[in-house]
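Novice: quick one: sequence and predicted model below, then my questions.
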Amino acid sequence: MAIKPTRVNPPTMAKPGGHYSHATVANGFVFVSGQLPIRPDGTKLSDASFEIQAVQVLANVQAALEAAGSSVDKLVQVRVYVDSLDNWPAFNAVYAGWAGSAKPSRAVVPTGPLHYGFKVEVEAVGVL
């Protein structure tokens with residue numbers, strides 16, 4: 001029997017910029033939509049350094065996970081979109097500090113320019 005998905009849009013995050021939810025909970029999983037470097041007040045960090053953008057993106061992923069009843073240590077898969085592979089070492093360093101002992105499956109996808117001129121976007125799947 002299928003369980004109706006629950007949409008999660010916590011007040012601690014900027015409102016979604018399109019027709020989506022920050023996270024969806026279904027059948028014991030939490031699916032976090034691609035998160036961009038946007039502060040909770042809606043400020044877009046397009047002009048910030050790559051590292052600052054990466055920190056904000058991961059904070060957004062964490063906020064969505066926690067609002068859905070999950071956490072970073074319950075991640076099972078992470079997909080990272082970067083504007084350039086030149087930024088991958090910097091992302092990996094920020095990510096390792098953020099994820100700690102959690103080592104979910106992960107992929108990196110080099111994309112070229114991202115929406116609003118952002119340099120990084122991250123989507124994730126966790127469990128409850």
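Specialist: Received, thanks. Numbering: from 1, shown residues only.

Novice: from here on, contacts and neighbour counts on C-alpha atoms
Specialist: Will do.

Novice: excluding chain neighbours, what is closest to Gly34?
Specialist: Glu123 (4.1 Å; CA to CA, 6 or more residues apart in numbering).

Novice: what pLDDT does the model give the one you found?
Specialist: Looking at Glu123, its pLDDT reads 98.

Novice: partners of the helix or strand encompassing it in the sheet?
Specialist: Assigned by DSSP states H and E, Glu123 belongs to strand 120-127. Taking DSSP bridges as the criterion, strand 120-127 sits next to strand 29-35 (antiparallel), strand 75-82 (antiparallel) in its sheet.

Novice: out of the ones you listed, which gets nearest to Ala64?
Specialist: strand 29-35 (6.6 Å; CA to CA).

Novice: so how far is the very next helix or strand once past that closest one from its chain's centroid?
Specialist: Per DSSP H and E, the first helix or strand lying C-terminal to strand 29-35 is helix 50-67. Centroid displacement of helix 50-67 relative to its chain, using CA atoms, centre = their mean, to the nearest Å, is 6 Å.

Novice: mind listing what's buried along helix 50-67?
Specialist: 50-51, 53-54, 56-65, 67 (16 or more other CA atoms under 10 Å).

Novice: what is the orientation angle of that helix with strand 120-127?
Specialist: Between helix 50-67 and strand 120-127, the angle comes out at 20 degrees (axes from the mean of the first three to the mean of the last three CA atoms, to 10 degrees).

Novice: now helix 50-67 - C-alpha only, PDB.
Specialist: Taking Å, rounded to 0.1, in the frame of the first residue of the first chain, the C-alpha atoms of helix 50-67 are listed here in PDB:
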ATOM      1  CA  PHE A  50      32.800  29.100  -3.700                       C
ATOM      2  CA  GLU A  51      33.400  28.000  -0.100                       C
ATOM      3  CA  ILE A  52      30.800  30.300   1.300                       C
ATOM      4  CA  GLN A  53      28.300  29.000  -1.300                       C
ATOM      5  CA  ALA A  54      29.100  25.400  -0.400                       C
ATOM      6  CA  VAL A  55      28.700  26.100   3.300                       C
ATOM      7  CA  GLN A  56      25.200  27.600   2.700                       C
ATOM      8  CA  VAL A  57      24.100  24.800   0.300                       C
ATOM      9  CA  LEU A  58      25.000  22.200   2.900                       C
ATOM     10  CA  ALA A  59      23.300  24.100   5.700                       C
ATOM     11  CA  ASN A  60      20.200  24.200   3.500                       C
ATOM     12  CA  VAL A  61      20.400  20.400   2.900                       C
ATOM     13  CA  GLN A  62      20.800  19.900   6.600                       C
ATOM     14  CA  ALA A  63      17.800  22.100   7.500                       C
ATOM     15  CA  ALA A  64      15.600  20.300   5.000                       C
ATOM     16  CA  LEU A  65      16.700  16.900   6.400                       C
ATOM     17  CA  GLU A  66      16.100  17.900  10.000                       C
ATOM     18  CA  ALA A  67      12.700  19.500   9.200                       C
END
